[in-house]
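Visitor: structure, please.
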Amino acid sequence: MRYLPSRVQETGFFKGYAAQLHQCLSTEDLLFNCSPSLAKPSNLIYVPESFRELHGSKNPLLLTRDNERTYLLPEYQEDDLEKLRLLKIQEMKLREFVEGLNHFSRESTTSFQEKPSEWHSRVAQVLSGNLWQSEISRIVDDMKLIPLRLGKTWVSKSNENYVFPSGQGVSIPNSLHLNVVDPEAETDKNRSHLFSLLGVKRLTSSIVCEQIFVLHGNPQYNPNDFSEGDLLSQAHYLFSVGSRSKELSSIWLVSEDGDRVRAGDLYADLVCPEDGDSRQTRLSSARRFQQDAPLKFPFLHSDFLYPPERHDKWHWRKFLLDHLRVAVAPRLVKATGEHRDEFSLHDHFDYILRKKTASDWLLLLKTEWRDYSYWLEKDENEGDESRANRSREAIRKRISEFKVKARNEQWHPLNETFLPLENLVKRYHGIVPFLDITDPGHPTWKAALRPFGVGIGDDLQFYLRALGEARAKNVSIETVTELLSQVQARAAENPSQVTAKFKEKPLVCIPAPGSTAVTIWTYPSKCVWKGPKCLRKFPALADVYPQLVQLFCNTLGVKDAEIEVFVKEMKELRLSDHLPYITELFLELEKLIKDDTPEYKLSKLQSQAIFPVQETSVATSSFQLVAPNGKMEWFIPDRPYLERSFRGKVPLLAFSSGDVSKLKRLMKMLHIETRKLSNCVKGTARTEGRTLPSSEWTNSLRAKANCILR
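Guide: Model (predicted):
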């Protein structure tokens, strides 16, 4: 081969000779194939050393009986490759090698798998060095190159976990089938390197845990296919490696009835540890509520209550409760929807609400508050519209609206009741509904009842709510005064809340004159601080609560009676009102009008029927109400003699001329002075009959004559 001419002569006698020679030799049986026999060079493939075995005959890696006539005999040296190319021999490239290996592994699977370990090692060495090429990597990923320990199965790269068996000190729990690589293949450094590149991992406890979670989370997984011992072994393994995964509550365990139940749905009938190192204990409460319940409360099988090592009893039970979420108390919530932070009231707790006494489930809330608080108290780190806070709000609303029997033997929604603190019960029993609970002074009660709107202390909130409750009770004015005094003393804590409450409900009570019985409840906006007795619809609070000026004037903004108050009351005048009451209203309004009072303050009275007018055809004690600018013709008796002359003859204002003389500014601002009789009538003096001089007046005038003449 070395003497084969390679230069092509372009001139002379040997012009074209080399090309003709190459063409002729390429079609002759000239070179040895691997059979070995002579074959035409154009039908042979030269396999580079990178795709051959390293030792022995150094045959091509893809050599089989079916293709031995295709490959050039390995004895031909790489130095001859240039001359071989002149004979049109083909050279194997990397992609052709990989595709040929893929075809071999698929079509001759048994032969491929039975190849000696040295051959597989060399193949792995070739592939490992070329996986960086994406086109090669895509082909190799689909090839079943990884032998597993169990069943002598070969697998390709996938999303499943494949592991090497030599994890240091890592055990595998019962019935957990991991995809473990054949130990013999792992010992070969070339194959183990390739497997690592294909995603095979070293066996670790985290991989074992992950496989447990994958198995238990598979919807096609049937937990009844595993024995109680298998499930116990897997749970113990998770405990032994200190797993803290959120998926722990989803693993399958065994109930005392032998059913397979998720850990997060089970109860533990045991004495369980509290937080901290004190190792204090508290008894389970779920068993007591389960009695006679139509709903099933699944309890953990007794075999699962004990750890593999007895001295780990405390830590094992803490693991059951804190991480597997096995419950001691009845469950408060259950997951709803697709998100972990969406939940609603659990069926078990709903049953307790409906079927057990309020004192029972309130005590349960207080006792288990450490666990229940997370599901009930708003998370301030999240917005009000977050899924978790909306779920909490719905549960609080459901429980707070549930009716409970209070100490007064009446039923009330929970959010309308109060914590029965001793000092409050003594003073206000019968006014507000106190809860029927034991040991109300325990500090946990306040934390457990606050989310449901229960009044929990001697504070502003209590007295505002107690004042609202007093409206429905026949309480004395002294009691109401005491409540208002307590509100006044605490109003500075939250003045806006006080203002809002008094606007929301009528919390100001007004006793009947001369009596301590409460007759009406009204709003501060319908009261004045100081005002005349004639005001009926705007009572003066200074007459009832002189000591509460801070509350009513400074906090609630109640003012003394002003023009606006009289205008409002006069707009509500009716024919049934007595004339003295109406007269006094007008006289008191006149006192408030000054020379600089703007007319707009009285403008609303222009069209209101407020003036009592007596007509000619009715008794003098009756009247009708007319408006200042009305169309009816009526007059104002501003002179006594005119009143005597026209009363009963024309429609006259029912006020006496003396009272009319005190209403000058009011009449001027309402533009009704033209209705005065003195402006409407004209007097003419005349003598009728025989005239006689008055001797008395004559003598008196004569006595004054000298003084007059001066």
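Visitor: going forward, measure contacts between C-alpha atoms and count neighbours the same way
Guide: Noted.
Visitor: so what touches stretch 423-431?
Guide: The list of residues contacting stretch 423-431 from outside it, by CA atoms under 8 Å, 6 or more residues apart in numbering, reads 408, 434, 458, 466, 469, 470, 473, 475.
Visitor: now the strands for the stretch 201-350 of the chain?
Guide: With strands called from DSSP state E, counting those that start in this stretch, the stretch 201-350 of the chain shows them at 201-202, 252-254, 260-262, 271-273, 281-283, 333-335, 343-345.
Visitor: end-to-end on stretch 326-335?
Guide: Criterion CA to CA, to the nearest Å; first-to-last residue distance in stretch 326-335 is 15 Å.
Visitor: what is the mean pLDDT for that stretch?
Guide: Predicted confidence along stretch 326-335 averages 92 (mean pLDDT).
Visitor: oh, and call the first residue 414 from now on, that's how I've got it
Guide: Right, with 414 as the first residue, what we last looked at is stretch 739-748.
Visitor: what is the end-to-end distance of stretch 630-644?
Guide: Taking CA to CA as the measure, stretch 630-644 stretches 14 Å from start to finish.
Visitor: wait, stretch 815-826
Guide: First-to-last distance for stretch 815-826 - CA to CA - comes to 5 Å.
Visitor: list the buried residues for that stretch?
Guide: Applying a neighbour-count criterion of 16 or more other CA atoms under 10 Å, the buried positions in stretch 815-826 are 816, 817, 818, 819, 820, 825, 826.
Visitor: got those residues as JSON lines, with distance to residue 567, secondary structure and pLDDT columns?
Guide: Shown next, in JSON lines, are the buried residues of stretch 815-826 (distance: CA to CA, whole Å; DSSP: H, G, I helix; E, B strand; the rest coil; pLDDT from 0 to 100):
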{"residue": "816", "distance to residue 567": "66", "secondary structure": "strand", "pLDDT": "94"}
{"residue": "817", "distance to residue 567": "67", "secondary structure": "strand", "pLDDT": "94"}
{"residue": "818", "distance to residue 567": "71", "secondary structure": "strand", "pLDDT": "91"}
{"residue": "819", "distance to residue 567": "73", "secondary structure": "strand", "pLDDT": "91"}
{"residue": "820", "distance to residue 567": "75", "secondary structure": "coil", "pLDDT": "91"}
{"residue": "825", "distance to residue 567": "71", "secondary structure": "strand", "pLDDT": "92"}
{"residue": "826", "distance to residue 567": "68", "secondary structure": "strand", "pLDDT": "94"}
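Visitor: let's have the residues you listed in TSV, adding distance to residue 447.
Guide: Below are the buried residues of stretch 815-826 laid out as TSV (distance: CA to CA, whole Å):
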residue	distance to residue 447
816	95
817	96
818	100
819	101
820	104
825	99
826	96
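Visitor: follow-up on the earlier one: which of the contacts of stretch 836-844 tops the neighbour count?
Guide: Ranked by the number of neighbours (other CA atoms under 10 Å), these place residue 847 first, at 26 neighbours.
Visitor: for that residue, name its beta-bridge partners.
Guide: Beta-bridge pairing for residue 847 (DSSP bridges): residue 831.
Visitor: just confirm it contacts residue 820, I think it does.
Guide: Yes: applying CA atoms under 8 Å as the test, residue 847 and residue 820 come out as touching, 5.7 Å apart.
Visitor: sorry, back to before: distance to residue 853 and pLDDT for the contacts of stretch 836-844 - can I get that in TSV?
Guide: Listed next are these as TSV, based on distance: CA to CA, whole Å; pLDDT from 0 to 100:
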residue	distance to residue 853	pLDDT
821	16	85
847	10	93
871	13	88
879	18	90
882	21	87
883	23	88
886	25	82
888	26	86
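Visitor: so which of those residues comes closest to residue 749?
Guide: The shortest gap between residue 749 and any of these belongs to residue 847, at 34.8 Å (CA to CA).
Visitor: contacting residues around the closest one?
Guide: Each residue near residue 847 by CA under 8 Å, 6+ apart is listed here: 819, 820, 821, 830, 831, 832, 833, 838.
Visitor: wait, what's in contact with the residue lying closest to the first one once chain neighbours are set aside?
Guide: If you skip the residues right next to it in sequence, residue 819 has residue 848 as its closest partner in space, 4.8 Å away by CA to CA, 6 or more residues apart in numbering. Each residue near residue 848 by CA under 8 Å, 6+ apart is listed here: 817, 818, 819, 820, 830, 831, 832, 833.
Visitor: from residue 1012, how far out is residue 848?
Guide: If you measure residue 848 against residue 1012 using CA to CA, the figure is 58 Å.
Visitor: do the same with residue 446
Guide: Separation of residue 446 from residue 1012 (CA to CA): 126 Å.
Visitor: who's more crowded, those two?
Guide: The residue with the greater number of neighbours, taking residue 446 and residue 1012 and applying other CA under 10 Å, is residue 446; the counts read 25 against 13.
Visitor: so in terms of bridging, what pairs with the more buried one?
Guide: Applying DSSP bridges to residue 446 yields these beta-bridge partners: residue 485.
Visitor: next, the contact list for it, please.
Guide: Contacts of residue 446 by CA under 8 Å, 6+ apart are 452, 457, 481, 482, 483, 484, 485, 486.
Visitor: for ChimeraX, what selects the buried ones among the residues you listed?
Guide: Those of those that meet the burial criterion (16+ other CA under 10 Å) are gathered into one ChimeraX selection, given here:
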select :452,457,481,482,483,484,485,486
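Visitor: what's the most distant pair in the contacts of residue 446?
Guide: Maximum pairwise distance among those (CA to CA): 11.3 Å, between 452 and 481.
Visitor: tell me the domain boundaries of the protein?
Guide: Residue ranges for each domain of the chain read 430-505, 556-735, 758-861, 872-974, 981-1093, as given by automatic domain parsing.
Visitor: all set, thanks.
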